[in-house]
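Engineer: just a sequence and a predicted model for now, questions to come.
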Protein chains: 2
Amino acid sequence: MASIPESVSLRSDAAVRVDAWLGRFEAALASRDVEAAAALFAPQSFWRDLIAFTWNIKTVEGPQGVADLLRNTLPHTAPRGFMIDPAEPPSEANGITEAWILFETAVGRGRGHVRLMGDAAWTFLTTMYELKGHEEPQGRNRPKGVEHGADPNRTTWSERRQREAEELGITTQPYVVIIGGGQGGIALGARLRQLGVPTIIVERNERPGDSWRKRYKSLCLHDPVWYDHLPYIDFPRNWPVFSPKDKIADWLEMYAKVMELNFWGSTTCKRASYDEAAGTWTVVVERAGREITLRPRQLVLATGMSGKPTMPRIEGMDVFRGDQHHSSAHPGPDAYCGKKAVVIGSNNSAHDICAALWETGADVTMVQRSATHIVKSDSLMEIALGDLYSERAVASGITTAKADMIFASLPYRILHELQIPVYNAIRKQDAEFYARLEKAGFMLDYGDDESGLFMKYLRRGSGYYIDVGASELVADGRIKLQSGVTVVRLTEHAVVLSNGVELPADLVVYATGYGSMNGWAADLIAQEVADKVGKVWGLGSGTTKDPGPWEGEERNMWKPTQQPALWFHGGNLHQSRHYSLYLALQLKARHAGIPTPVYGLQEVHHLS
Amino acid sequence: MASIPESVSLRSDAAVRVDAWLGRFEAALASRDVEAAAALFAPQSFWRDLIAFTWNIKTVEGPQGVADLLRNTLPHTAPRGFMIDPAEPPSEANGITEAWILFETAVGRGRGHVRLMGDAAWTFLTTMYELKGHEEPQGRNRPKGVEHGADPNRTTWSERRQREAEELGITTQPYVVIIGGGQGGIALGARLRQLGVPTIIVERNERPGDSWRKRYKSLCLHDPVWYDHLPYIDFPRNWPVFSPKDKIADWLEMYAKVMELNFWGSTTCKRASYDEAAGTWTVVVERAGREITLRPRQLVLATGMSGKPTMPRIEGMDVFRGDQHHSSAHPGPDAYCGKKAVVIGSNNSAHDICAALWETGADVTMVQRSATHIVKSDSLMEIALGDLYSERAVASGITTAKADMIFASLPYRILHELQIPVYNAIRKQDAEFYARLEKAGFMLDYGDDESGLFMKYLRRGSGYYIDVGASELVADGRIKLQSGVTVVRLTEHAVVLSNGVELPADLVVYATGYGSMNGWAADLIAQEVADKVGKVWGLGSGTTKDPGPWEGEERNMWKPTQQPALWFHGGNLHQSRHYSLYLALQLKARHAGIPTPVYGLQEVHHLS
């Protein structure tokens, strides 16, 4: 009887199954047999690729989608070395075999994830995490810092930093200019610095973090700390669950400093244009009163995933004598004690602003025009996020980095199916809370398909409030409510609603949301370029404010657009962290002259 | 046959042996049988306690020492619950059984380490890591940040921070004042903030990090990054091995900010006095030109373990017409290109300054008065530090926190025995390098007992150079050398040596070291208090500059002194990080009114 090597006999059934699948997959790829590779995928299946095969952020579906992807990418990708990540034993539950995998391509190293149903792949994730020959200098490869030996021409770290700060953008040109120095621009800037891509971040505020500092004083992050880490430096173990705005601002400021970013504060981007033939942007900025022309090869708009503030046009706005401004320009409640405030809108900002005004002693009315999705913050933490982003998750080995990858492995096409039970559970647990809100006249919804907050965020980036206290004020009438109405007009001292009610007002806040990010392209570059790029954000789900056709991925985010060398970056802290890696690698590859043939370039179905 | 529970049958021999020892030890303690407990220790054995039993930093030796410690501490300490740390399986090698352990006392929770030879303890470490009821708010207990709900009296994080900054030291009094805002004061301040002990850090420089920024431009840390982490926030994976001075300065500045320290920059301590009856210090500081009197209960001197600069008195210093200053005041080489420089001394600062002057084009002579210990930085990393503090160590599970505890578990009494082979290996590897230095006339030593750099550091804090390049310049004569000589006098334009040589000089740098830290107490408080406290630093090894008797621990560092409510803190980044925990807990216990009976209070054998 032949002896069985111990290492084999100890492998789990799950590992054996995944090994077999990976072996067949790699053999098919090696022999360029696209049909054989596609046949390894179940009829309903999803392959999500983050730049490893496609130089794009792309999900294809079913064997046909797999075959198309491979036909177009296999020859130049030359993938190989698929193996189970030795640090992560495969597992099996409910008929699904799961495994973390490693692989490489001609130009990069990747990790991924596979879920098998029987012997066929149901979900497949491939991501590139580094470019060969351009590995980040960290861990064993971190810089030495000191230069041993004696050198009469020695320049110190601070001299080099100072020279770079003086020269970059003046006598030398950055390869990338990032417009917007919020968390998105900063996270991307940090990754580009580590990859050695000369970058300038242009921010109209003076200091990193000012975009948080300048908002209303009671603001805290609505996402918990485990969800919010920036690349490279985690928040410490004593960091609050929900960062107060000034504290996160201080963190961003120190982060930009210690990560050595070229952060141009107090700098406004005036205009930009692209010379297609030369492959160069002309970006005109005003820095501390001085106009400077930058000529980067790549331009990233990181001006806020929420895009440009949407100001409604309402009859009488010009005659209204009180204060009126968009929620993004609201200075906070301090000046409004004893005053009458009307807040138009019923999403996050509207609730936060109403509550802060009420706390300050203002008489506040919220005008709700359409249904809003409300989730109590504690319930969201406990039921929706806790498995991936919480102290409990960390204790069970789900670091933030791992949680990001688990989340990335879930195809958007079926994500709502996984989300519906979550929000059903929340509705059940908080039934009494929701009943009180409805009794107060508040119009609730849970998404077009009951899939809740996160799908609303991914599809339209709006339509919800994470309740941190304002809902109680609405339920018991301390924040007055007018719902199911629109604003007809303003008078000198009042807001007139479609139900005939006239609300006296010293202050009107338009918490009316934001437009698509390509609006920034219209302002800074040209309407023509904005139209060429099309709508930014949303999945094409065919639900409210996210028209089809189905896209499979966020429109135009973190990936090539129809406008060469123009990129959109942003999202919440999770997305800024996670997708900044793939955007940075796309930019680095172009910087290094590595070919980046794009598969499945974003098509344009909507202009805004 | 009785069945053996699986969990028992799977335990290793090492675990069984440690369990048995811990069981006997705990039984002896529980029955207050001091002799039985002492009998569990080998004739040559060491129990090192970091505040868990002794409210002191104390090593006792042999069964007799153990018995004495227990007789004095057992009744109020009430230790129990000794167990093997479940996360760390015990191990056995070369006849020594090792284990990490957990335990608790009446007031705190502890961890420790034991090495058994046979059935008797050879080394035993006990440390307290938290006080019951005063656990730090981190991980699951981290602050929530936001306060959910509506509250008309809400104050925000930034309002509270601002109010604290305005009031503390003015209308409210800190419990602790730390003099010195270098890495030591900052690390301690961070821990005290987490423990809720109101603290002000007084620093004469404007910003955190300035004590690094103001030194000569080529300075980098001589210790590697793994050795240098501050509490709570590790350096990121891309941090240089040897931090350039301005980079570590930026880190300290951001750290002080995000850890929310009350850091009074541009503030000088003028004088301090203690009212024994009231238990209150009067500390007069000048802050931005304004004299402020602080009245803390505890005063910490964190003014640099190196203590006050030692300026020699040499005939003719008053007539010398060039520049002359102590190495700590050296402005860097920039002004001395083409000039003649004489550097008196041959330790770290002397070498660094000589090399920087040479690089700038000065004509440099080093005056070596006595033998110096030289180790190449790369050899030190590879042979002396690599097992505990390196990327290799991290990869094998030795985090910095674990390395600190391993290091803490090694008794100072026998540490030199472990160090001698390390430096013998370095001498062998670098024999050719040392031969070239000696050929150039450089006087080498390896410590009185050949135990090398780290023992020199622990015993006297001086007498060595970690070579990052200057030794090559000395060996080949680019840095000129006068060795085995003293300075007899200065003339208007020259330094005259005991061998009759007269060195023309435009600059004289006195790299002549530092005095004991109690010199600061003499300056700030009174000579009487400095004498009451006695010499700070050193082990009492009876070697050069570290006279006996044997102390067992660093004199007066991080522990109670003969002057009530006066503490000394400092050392390198490793020590600042590690011992700041125990100093912070000692201060917190006093702040919380927890009794802290001190066993084995430091006695005074030397005044400076």
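Structural biologist: Here it is on my side, so go on.
Engineer: got the contact list for A:Val16?
Structural biologist: Neighbouring residues of A:Val16 by Cβ atoms under 8 Å, 6 or more residues apart in numbering or on different chains: there are none. No exception for glycine: its C-beta is placed from N, CA and C like everyone else's.
Engineer: can you check the one 3 residues further on too?
Structural biologist: Remark: with contacts taken as Cβ under 8 Å, 6+ apart, A:Asp19 is in contact with A:Arg11, A:Ile84.
Engineer: up against chain B, what does the stretch 251-400 of chain A have?
Structural biologist: A:251, A:253-255, A:257-258, A:355, A:358-361, A:377-378, A:391 (Cβ under 8 Å from any Cβ of the partner chain).
Engineer: and of those residues, the nearest to A:Gln563?
Structural biologist: Nearest to A:Gln563 among these is A:Tyr255, at 29.8 Å by Cβ to Cβ.
Engineer: and for the closest residue to that closest one other than its chain neighbours, the neighbour number?
Structural biologist: Leaving aside its chain neighbours, A:Tyr255 sits nearest to A:Leu230 (5.9 Å; criterion: Cβ to Cβ, 6 or more residues apart in numbering or on different chains). By other Cβ atoms under 10 Å in any protein chain shown, the residues close to A:Leu230 number 20.
Engineer: state the helix or strand in which A:Leu230 lies.
Structural biologist: For A:Leu230, there is no host helix or strand (DSSP states H and E).
Engineer: quick one: contacts for it?
Structural biologist: Contacts of A:Leu230 (Cβ under 8 Å, 6+ apart): A:Gln183, A:Ile186, A:Ala187, A:Ala190, A:Trp251, A:Tyr255, A:Leu573, A:Ser576, A:Arg577.
Engineer: what pLDDT does the fourth one get?
Structural biologist: If I follow you right, that is A:Ala190. Per-residue pLDDT puts A:Ala190 at 98.
Engineer: on contacts alone, who are the packing partners of the host helix or strand of it?
Structural biologist: In the assignment (DSSP H and E), A:Ala190 maps to helix A:183-194. Contact analysis of helix A:183-194 by 3 or more Cβ pairs under 8 Å, 6 or more residues apart in numbering or on different chains; DSSP states H and E lists strand A:176-179, strand A:199-202, helix A:245-258, helix A:573-591 as its packing neighbours.
Engineer: let's see the first one as PDB, backbone CA atoms only.
Structural biologist: When you say that, I think you mean strand A:176-179. Provided in PDB are the C-alpha atoms of strand A:176-179 (Å, rounded to 0.1, in the frame of the first residue of the first chain):
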ATOM      1  CA  VAL A 176      -0.600  63.400 -10.500                       C
ATOM      2  CA  VAL A 177      -2.700  66.300  -9.200                       C
ATOM      3  CA  ILE A 178      -5.400  65.500  -6.800                       C
ATOM      4  CA  ILE A 179      -8.100  68.100  -6.400                       C
END
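Engineer: about what we covered before: how near is the residue nearest to A:Tyr255 to A:Met254?
Structural biologist: Look at A:Leu230 and A:Met254: by Cβ to Cβ, to the nearest Å, they are 11 Å apart.
Engineer: just A:Glu98 next, same as before
Structural biologist: 38 Å.
Engineer: ok, A:Pro309 next?
Structural biologist: 29 Å.
Engineer: neighbour count winner among these two?
Structural biologist: A:Met254 (22 against 18).
Engineer: three-state assignment of A:Val16?
Structural biologist: helix (DSSP: H, G, I helix; E, B strand; the rest coil).
Engineer: which secondary structure elements does the lengthiest strand in chain A contact?
Structural biologist: Ranked by residue count and defined by DSSP state E, the top strand of chain A is strand A:120-131. Judged by 3+ Cβ pairs under 8 Å, 6+ apart, strand A:120-131 is in contact with strand A:41-50, strand A:108-117, helix A:400-408, helix A:573-591.
Engineer: closest to A:Pro90 out of those?
Structural biologist: Once those are compared by Cβ to Cβ, strand A:108-117 is nearest, at 8.9 Å.
Engineer: next one: the closest one to chain centre, how far?
Structural biologist: Taking Cα atoms, centre = their mean, to the nearest Å, one finds the center of strand A:108-117 at 22 Å from the center of the full chain.
Engineer: in its sheet, what does it sit against?
Structural biologist: strand A:96-104 (antiparallel), strand A:120-131 (antiparallel) (DSSP bridges).
Engineer: reformat the ones you listed as JSON lines; add mean pLDDT and mean neighbour count.
Structural biologist: Listed next are the strands paired with strand A:108-117 as JSON lines, based on pLDDT from 0 to 100; neighbours: other Cβ atoms under 10 Å in any protein chain shown:
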{"stretch": "strand A:96-104", "mean pLDDT": "98", "mean neighbour count": "20"}
{"stretch": "strand A:120-131", "mean pLDDT": "98", "mean neighbour count": "21"}
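Engineer: A:Gly463 against A:Thr543, yeah?
Structural biologist: No: counting by Cβ atoms under 8 Å, A:Gly463 stays clear of A:Thr543, with 9.7 Å between them.
Engineer: return every residue with contacts to both of those two.
Structural biologist: What both A:Gly463 and A:Thr543 touch, as defined by Cβ under 8 Å, 6+ apart, is the set A:Gly447.
Engineer: quick one, which of the two is more surrounded?
Structural biologist: Neighbour totals were compared for A:Gly463 and A:Thr543, and A:Gly463 leads with 24 against 20 (other Cβ under 10 Å).
Engineer: how about that one, nearest residue that isn't a chain neighbour?
Structural biologist: Nearest one to A:Gly463, counting by Cβ to Cβ, 6+ apart, is A:Lys456 at 4.6 Å.
Engineer: thinking again about what came up before, columns distance to B:Phe25 and neighbour count on top of the contacts of A:Leu230, output as a markdown table?
Structural biologist: Converted to a markdown table, the contacts of A:Leu230 look like this (distance: Cβ to Cβ, whole Å; neighbours: other Cβ atoms under 10 Å in any protein chain shown):
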| residue | distance to B:Phe25 | neighbour count |
| --- | --- | --- |
| A:Gln183 | 52 | 28 |
| A:Ile186 | 53 | 27 |
| A:Ala187 | 51 | 30 |
| A:Ala190 | 50 | 27 |
| A:Trp251 | 46 | 23 |
| A:Tyr255 | 48 | 24 |
| A:Leu573 | 49 | 19 |
| A:Ser576 | 53 | 25 |
| A:Arg577 | 48 | 25 |
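Engineer: nearest to chain B, of the residues you listed?
Structural biologist: Nearest to chain B among the contacts of A:Leu230 is A:Trp251, at 5.7 Å by Cβ to the nearest Cβ.
Engineer: mind giving me the packing neighbours of the helix or strand harbouring A:Cys354?
Structural biologist: Taking DSSP H and E as the definition, A:Cys354 sits inside helix A:348-360. Other elements packing on helix A:348-360 under the criterion 3+ Cβ pairs under 8 Å, 6+ apart are strand A:340-344, strand A:363-368, strand A:464-467, helix A:470-475, strand A:507-510.
Engineer: give me the pLDDT for the closest residue to A:Asp363 other than its chain neighbours.
Structural biologist: Nearest residue to A:Asp363, sequence neighbours excluded (Cβ to Cβ, 6+ apart): A:Lys340, at 4.7 Å. In this model, A:Lys340 is scored at 98, pLDDT.
Engineer: how far away is A:Lys340 from A:Gly441?
Structural biologist: With Cβ to Cβ as the criterion, A:Lys340 and A:Gly441 are 19 Å apart.
Engineer: neighbour count for these two, which is higher?
Structural biologist: Between A:Lys340 and A:Gly441, counted using other Cβ under 10 Å, A:Lys340 has the larger neighbour count: 21 against 15.
Engineer: ok, the more buried one - contacts?
Structural biologist: Taking Cβ under 8 Å, 6+ apart, one finds A:Ala362, A:Asp363, A:Thr365, A:Leu503, A:Pro504, A:Ala505, A:Asp506, A:Leu507 in contact with A:Lys340.
Engineer: try A:Trp567
Structural biologist: A:Gln298, A:Leu299, A:Val300, A:Leu301, A:Trp558, A:Lys559, A:Pro560, A:Thr561, A:Leu583, A:Gln586, A:Leu587.
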